[in-house]
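K.L.:
For reference, the sequence and a predicted model appear below.
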Amino acid sequence: MWQSFVNIFLDILLYIYKLVDNFGVAIILFTVLIKLVIYPLMRSQIKSSAAMMEMQKSPRYLEMMEKYKDNKEKLAEEQMKLYKEMGVNPTASCLPTLIQLPVIFALYQAVIAAIVSTPLGMLDLTKRIHPEYLKIGEIFPINPSFLWMNLGQPERLYIPGISFGIPVLAILVVVTTILQTKLTMQSPTGGSTASTGGSGAMMTGMMNIYMPVLMGFMAYTLASGLSLYFLISNVFTIVQYGVEGKLNWSALKFGKAKTAALAEPAPVSVAQKPKINPSPSVPAKSSTPAISAVKEEEKIDYREFKNKKKPKKNQ
């Protein structure tokens, strides 16, 4: 069953290679074809994610989260009722990802099976393809070279003067995976921040960290043909979200967001509101007579002391 599924991908990949005579271009076109096939599911995922975010900002959802925060079973039951009422499918966002998993494994095996260099490997390839669509003599031998890469081996770029190979493709896969994760994730606003907290926010944060690491590890260790699929798939997903107008560009504005947060004054509560001192002119008017009175009193005392010490002339 699984082998038949892999053979379908092998036939499609080799047929595209027969048309373009470039294995790297064949993988790119194959990736675009797969993304177009699952585009309706991807569009449904985008709409479902947007509807989920709107629902999580609704007063009813927030009230429900507060009411049943200590009863997880009742909370899950009420959430499912609300999902049905609002027509939100919580599993729709996971479906495209789940579908792509067998595609990734099947493509990896198809790439390895297509790049054969021995008579035994060619015999096995002949048994696996459909002769009514492909003839082994028309496509063999397959050239696995694309740019600086051998698509049947892990990719490394060797530069003169550097003793080790640079995994350029793996780095690009990690970067595009991070960009895809940030740009395609709906940013919670308002009340949704509180409602999506806890385990859900923790799981999302872990996925944001581990997914680029996992993709980068696979791109570093497996055949570069699969890494090329990862790269094109990430870029095409970003383009799809851009077409739907759902790219979250604010997720990349770290500097502006941080500056705005620092520039915004913190709200001061009534209880903590500092007392405003009266203007300097007010105490000046009230304190001046007192100071003058003190000085005048000192002058009087000094005159009295002087009069006591002064001798009389008649004596």
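P.N.:
Cool, got the structure. Numbering: from 1, shown residues only.

K.L.:
The stretch 1-150 of the chain: strands as residue ranges?
P.N.:
145-146, 149-150 (DSSP state E, counting those that start in this stretch).

K.L.:
just these: most buried one?
P.N.:
strand 149-150 (a mean of 20; mean count of other CB atoms under 10 Å). Glycine gets a C-beta too; all of them are placed from N, C-alpha and C.

K.L.:
Return the list of helices and strands in contact with that strand.
P.N.:
Packing partners of strand 149-150 (3 or more CB pairs under 8 Å, 6 or more residues apart in numbering; DSSP states H and E): helix 224-243.

K.L.:
Just the mean pLDDT for the helix it packs on, thanks.
P.N.:
Helix 224-243 shows a mean pLDDT of 88.

K.L.:
where does residue 160 land in three-state SS?
P.N.:
coil (DSSP: H, G, I helix; E, B strand; the rest coil).

K.L.:
which residues touch it?
P.N.:
Contact analysis of residue 160 by CB atoms under 8 Å, 6 or more residues apart in numbering lists nothing.

K.L.:
Ok, residue 220 next?
P.N.:
154, 167, 170.

K.L.:
again, only using 10 Å
P.N.:
154-156, 167, 169-171, 173-174, 227 (CB atoms under 10 Å, 6 or more residues apart in numbering).

K.L.:
Low-confidence bits of the stretch 101-250 of the chain, can you list those?
P.N.:
Within the stretch 101-250 of the chain, the stretches with pLDDT under 70 are 116-123, 129-140, 186-205.

K.L.:
For it, which segments are assigned as helices?
P.N.:
119-128, 136-139, 168-183, 192-195, 199-221, 224-243 (DSSP state H, counting those that start in this stretch).

K.L.:
roughly how far apart are residue 124 and residue 114?
P.N.:
11 Å (CB to CB, to the nearest Å).

K.L.:
scratch that, residue 223
P.N.:
11 Å.

K.L.:
shared neighbours, the two?
P.N.:
144, 151-152.

K.L.:
buried subset of those?
P.N.:
144, 151-152 (16 or more other CB atoms under 10 Å).

K.L.:
the more surrounded of residue 223 and residue 114?
P.N.:
residue 114 (26 against 23; other CB atoms under 10 Å).

K.L.:
hang on, that one packs against residue 14?
P.N.:
Yes: between residue 114 and residue 14 there is a contact at 6.0 Å, judged by CB atoms under 10 Å.

K.L.:
So for stretch 23-43, mean pLDDT?
P.N.:
87.
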